[in-house]
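[1] sequence unknown, structure follows:
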Ligand SMILES: [Zn+2]
């Protein structure tokens, strides 16, 4: 149900061709910012390394990963400007990994009526395909 392609965040554009099975698309660097834009990162966010607070509008880096055969990306770690690794150090078999950078934005969940921090203005910094060894 929540595995839909380009779904799960309020401001995402629909996929250009909804007939395509999402998992079969080459998930390189093209769709990833779109997939992760609007991804909620909680009511507050802080750097995984130095624990400094990430506020609205701050530059943020995120490590995200996706298992093979899943269309859903998970943001695992957030970093501040100073702490982000510039590259993915060791790729993981069967998991696609990426480091993106952007800014902290907000989204409002219409059902819960909560405003949460989310990722916006994303650019892919590094990318590791699932067959990386
Ligand atoms: Zn930090």
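    Perfect, thanks for sending it. Computed from a predicted model, the values in this text were never measured in an experiment.
[2] phi, psi of the residue nearest to the spatial centre of the chain?
    Computing the C-alpha centroid of the chain and ranking residues by CA atoms, centre = their mean puts residue 36 first, at 3.6 Å. Note on residue 36: backbone dihedrals following degrees, to the nearest 10 are phi -100, psi -10.
[3] hmm, it is touching residue 124, no?
    No. Under the criterion of CB atoms under 8 Å, residue 36 makes no contact with residue 124, lying 9.2 Å away. Glycine gets a C-beta too; all of them are placed from N, C-alpha and C.
[4] common neighbours of those two, please.
    Taking CB atoms under 8 Å, 6 or more residues apart in numbering as the contact criterion, the residues that touch both residue 36 and residue 124 are residue 100.
[5] can you give me the neighbour number for residue 126?
    17 (other CB atoms under 10 Å).
[6] where's residue 107, which helix or strand?
    Under the assignment given by DSSP states H and E, the secondary-structure element containing residue 107 is strand 95-109.
[7] give me the next element, helix or strand, following that strand.
    Reading on from strand 95-109 to the C-terminus, the next helix or strand found by DSSP H and E is strand 114-128.
[8] what's the mean pLDDT across stretch 53-63?
    For stretch 53-63, mean pLDDT is 97.
[9] what's that stretch in contact with?
    Residues from elsewhere that reach stretch 53-63 (CB under 8 Å, 6+ apart): 36, 41, 44-47, 75-81, 83-85, 88, 97-106, 117, 119, 122, 125.
[10] report the buried members of the residues you listed.
    Judged by neighbour count, with 16 or more other CB atoms under 10 Å as the criterion, the buried members of those are 36, 41, 45-47, 75, 77-80, 84, 88, 97-102, 104-105, 117, 119, 122, 125.
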